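Visitor: sequence unknown, structure follows:
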């Protein structure tokens, strides 16, 4: 039960991406490609179902998402999804992860101005990784790694 990867996207742009474990599939997904996919999926679910994406369950993994719609104060009509996401092991409790993602979004929006979020590059947000690590705690560790840290 662990978070394998976590990140924050704004629309089709990746703002932050942290990998705790490499994927067992051996296929690395470009963060920008994932951001585009999640943005398109969020738009689709919002327009078709009037809902937000929550959990996408795959055979071995789950993709848990939390979304806030944000815009620059000068352009209220152009809201973009700011999506915090976590790729987790299948047995990880999605509700707990979603709660942490909500907290991550809240801290991120308090830490950075909307102007910075919309204009700065990924490197600018690198310092926020420590805050994410504090929020998720030992959820970033697989069960066997938790036991190793005890002994």
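Guide: Arrived safely, thanks for sending. Everything quoted here is computed from the prediction, not taken from an experiment.

Visitor: pull the number of nearby residues for the closest residue to residue 55 other than its chain neighbours.
Guide: What sits nearest to residue 55 in space, not counting adjacent residues and going by C-beta to C-beta, 6 or more residues apart in numbering, is residue 94, at 4.8 Å. Every C-beta, even on glycine, is put in place using the N, C-alpha and C of the backbone. For residue 94, the neighbour count with other C-beta atoms under 10 Å is 16.

Visitor: OK, contacts around residue 94?
Guide: Residue 94 is in contact with 54-55, 62, 64, 88, counting by C-beta atoms under 8 Å, 6 or more residues apart in numbering.

Visitor: again, 10 Å this time
Guide: By C-beta atoms under 10 Å, 6 or more residues apart in numbering, the contact set of residue 94 is 54-55, 57, 62-65, 86, 88.

Visitor: quick one: buried ones out of those?
Guide: 62-65, 86, 88 (16 or more other C-beta atoms under 10 Å).

Visitor: spatially central residue in this protein, please.
Guide: residue 85 (2.2 Å; C-alpha atoms, centre = their mean).
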